[in-house]
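Trainee: structure, please.
(2 chains)
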Amino acid sequence: MAQRLKEVDVVVIGVGMVGSILAKELAAAGYKVVGLERGTTRFTVPEFQSPGIHDELRFDVRKALMQDNTREPVTFRNHSSETGLPIRRWESFLPGTGLGGSMVHWNGQTFRFQANDFQLATRTRERYGKGFLDPDLTIQDWGVTYDELEPHYDRFEYLLGTSGKAGNLKGQIQPGGDPHESPRSRDYPTPPQKEHYSGALFRKAASSLGHHPFPQPSSNLSQPYTNPEGLKMNTCVFCGFCERYACEHYAKSTPQTFILPVLLANSNFELRTGCQVQRINLDSSKKRATGVTYIDNAGRELEQPASLVITCLFAINNIRMLLLSGIGKPYDPATGKGVVGRNYAYQTMSTVASFFDADVIINPFMASGASGTMINDFAGDNFDHSGLGFIGGAFIGAVNTNGRPIQYHPTPPGTPTWGKGWKDAVVKHYNHTVMFSLHGSSVSQKQNYADLDPTYKDAWGQPLLRITFDFPKNDLKMAEYVTARGVEIGKAMGAKQVAGSPRKGPYTTQQYQTTHNTGGTVMGNDPSTSVVNRYLQSWDVPNVFVIGASAYPQNASWNPTGTLGALTYWVADALKSKYLKNPGHLVSP
Amino acid sequence: MKLPTSPHVTRRSFVVSASVATVVPPTVALVAGSAGAAAAAAHHPARSSPPAQASAAAPVPPAPVSSAPERPVYLFFNVAEVQFIEAACERLIPADEAGAGALAAGVPNYLDKQLGGAWGAGERLYRSGPWIQGSPSQGYQLPFTPAELFRTALRAINSDLARQGPPFSELSAAAQDDYLKSLEKGSHDLDGVPAAVFFDMLLKMSIEGFFSDPVYGGNRDMVAWRMIGFPGAYADYYEAIDRHGVKFERAPMSLGEDGQGHVHVHPEIPASVG
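Mentor: Numbering: from 1, shown residues only, chains lettered A, B, ... in the order given. Take a look at the predicted model:
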């Protein structure tokens, strides 16, 4: 029997980026907020310090900061005709755990999506006609527009101190920035990071081909910065240990640097770590949440009543929380009915490797996670797709994030995988190769979804989430097309050998691609095709909000974190100015 | 063109390197000295640091000359297993004119310590059934822990070879390569372990042992890092990153040499909260 605790105004499930920002906003507005985090408490000092932190084996290979997959993995299959099997070790994507969430181990690549992305279905139909799309695709509009989100993007970037160069200030194109970006109200809070040699080579070559290179927006800061919360951050020193690591320098923006000290100082907020939430509890009408039940790390079952429940988990865990709680109708791919788990999507990642002679010294280990130079000329709908047979695109960038050698030792195609031939090639190319990342969009289609696994259980005895996913044909065509453009840039750099690797199917869980899982609790204006409304409020249980990249109806050509930050502030505003004054449906279902 | 070692040395890093130098044998002190210089170069540019004497920024010493590698103390592998593992690892990453191979780098020692520890016991491996073999996209679906997998496969390999003639370690290099290729292609079933799965794990772990920090028992004297020019664990490239195309000359630094730690307490940022 669960011990029942004293009721609070708000329970936040997951104290990562979303949870800590929302909790801070609501606690500051006077509400009693409890944050439940399954992982541990951790801070820049002492947890993220050397000598332990720059350990490639522990953090990159063994994935020390990630969700404990021995207790809570997911199952996977490419197609619904197969049996879902557990991903027994993380590889393809890496959900984090612990205070600060996955953002502790991110790379800091901080993008906005474009206006087109939020109205993808409408604008694709308008530009290319009705029959252009593969009929299996289930892309849809978000129910919110770029113009509505712009002030929230701005607020999020200033919270983080993001380093970049505006390309479009209130409609005026700015030299040196991204001319394709949607208008922003002001420039980035800090100037771009220094450019590494890979970026400089890329810039020159891309310009020579008529493209528009610009510095990648980075939340590894170019200079000291004090954010609007009064918190100070440091200059990034390009140590080359960002993604999969925590930053010891206070230079990578994470909840530990940009919000937690303020949140934890507010007595309206209580943090509880080691709390595994089992479900959101509903009353007998199933239309109102009464709180949550969790098990603490001593194994005790506790019930935390609350007037408002906000689930702020990593995308796939948000889906599972709703399914375990019976909130929203599960998606059935056979009928196309139901919404929870529908429109699961990912990101379509390709690479181009450019191999130089020994006189071109790249020093790949001098890097931050986002100190790249890139173009958006082949991203989103920034180029004409007529006759191409696909929508979407990818940014192409010399996004050299590290030279950590267990995982980074590029060799040209045809190199043996071991023996003297392999060793020779590793020595020859390690310091003389430029890698491009081609960061591609991901459309949703009716065959790709998530549901509860019928067989495998977590350590608490609850069903695992099962993901059914393969790359849509649309995205494989896109990868082929954009990779060819990347190869052209590699050749224009004067590389001796250029190897393009467009993403191919089938999707595999066995190779790291990206941790940009999206969809499954998507937002929208139609309850028959969305789980939450435009304020990320459950259509079915209006005192539950579901915030994460799980809200994206499909994924765009950029990293999802910037957009998630904007959505978080968008929801915080709606909660404070509307919902909490008059709880109920913010949009009538 | 070479990038000089930064003359920017803090009092703290100098003291650290000096104190290390007093307690270690002379051959190691050379390395510790270079680590001190490395730590000096690695301090944060935003922090104000008093300049130290120029003499503290010693020129980069040559790579230390190692004496013959010590024989590792094997805790996991038995004698027959060691013979196979040592010979096989050296074929996967052979010594050549570019530098040490797996054996001199201590890769078998790394494998031994990993397999005898938490990783061998199934650390970070979801171990609940049912056990169903799926598609390649679904990855590893065997009930073996890494330790069980190695033990099972090595016993099968050694008895397979015993039927054919001399043990693996006594075969010619070409014959060893042929045998490893046959494992790689998966043509042997090793008492329930598909040969390709064993080979893949052996290769992956050998590369880990070669390139991981020496604290784990491989990459002895950071030979693999020196070979490719990776400066190691601790680094600050703020001044170097936009000096494009310039070779970064500095002896690498391991976690062990950074054992004193560098706690980055910003004067205006609370050290920790909560």
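Trainee: residue A:570: what secondary structure?
Mentor: Counting by DSSP: H, G, I helix; E, B strand; the rest coil, the backbone at residue A:570 sits in helix.
Trainee: is it in contact with residue A:535, as I believe?
Mentor: Yes: at 7.4 Å, residue A:570 and residue A:535 qualify as touching, with contact defined as Cβ atoms under 8 Å. Where you see a C-beta, it was placed from the backbone N, CA and C, and this is true even at glycine.
Trainee: which pLDDT value belongs to the residue lying closest to residue A:542 once chain neighbours are set aside?
Mentor: Spatially, and ignoring its direct neighbours in sequence, residue A:542 is nearest to residue A:585 (4.9 Å; Cβ to Cβ, 6 or more residues apart in numbering or on different chains). Among the per-residue scores, residue A:585 holds a pLDDT of 98.
Trainee: mind jotting down where the helices sit in chain A?
Mentor: Chain-ordered helices for chain A, with DSSP state H as the definition, fall at A:17-28, A:115-118, A:120-128, A:146-160, A:197-208, A:255-258, A:260-264, A:315-325, A:419-429, A:473-492, A:561-577.
Trainee: restrict stretch A:382-389 to CA atoms and write it as CSV.
Mentor: Coordinates of the C-alpha atoms in stretch A:382-389 are reproduced here as CSV (Å, rounded to 0.1, in the frame of the first residue of the first chain):
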residue,chain,number,x,y,z
ASN,A,382,15.2,25.9,-48.6
PHE,A,383,15.5,24.4,-52.1
ASP,A,384,13.0,23.4,-54.7
HIS,A,385,11.9,19.8,-54.3
SER,A,386,9.9,19.7,-57.5
GLY,A,387,10.8,16.5,-59.3
LEU,A,388,12.9,15.2,-56.5
GLY,A,389,10.3,12.9,-55.0
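Trainee: residues of it that come out buried?
Mentor: Residues of stretch A:382-389 classed as buried by neighbour count (16 or more other Cβ atoms under 10 Å in any protein chain shown): A:382-383, A:385.
Trainee: coming back round to it: export the helices of chain A to a markdown table and tack on mean pLDDT and mean neighbour count?
Mentor: Listed next are those as a markdown table, based on pLDDT from 0 to 100; neighbours: other Cβ atoms under 10 Å in any protein chain shown:
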| stretch | mean pLDDT | mean neighbour count |
| --- | --- | --- |
| helix A:17-28 | 98 | 26 |
| helix A:115-118 | 98 | 21 |
| helix A:120-128 | 97 | 16 |
| helix A:146-160 | 98 | 21 |
| helix A:197-208 | 98 | 22 |
| helix A:255-258 | 98 | 26 |
| helix A:260-264 | 98 | 22 |
| helix A:315-325 | 98 | 26 |
| helix A:419-429 | 98 | 19 |
| helix A:473-492 | 98 | 22 |
| helix A:561-577 | 98 | 22 |
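Trainee: would you list those helices in CSV and tack on distance to chain B?
Mentor: Listed next are the helices of chain A as CSV, based on distance: least, Cβ to the nearest Cβ, whole Å:
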stretch, distance to chain B
helix A:17-28, 12
helix A:115-118, 28
helix A:120-128, 28
helix A:146-160, 15
helix A:197-208, 4
helix A:255-258, 8
helix A:260-264, 5
helix A:315-325, 15
helix A:419-429, 5
helix A:473-492, 15
helix A:561-577, 21
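Trainee: closest one to residue A:408 among those?
Mentor: Counting by Cβ to Cβ, residue A:408 lies closest to helix A:419-429 out of the helices of chain A; the figure is 10.1 Å.
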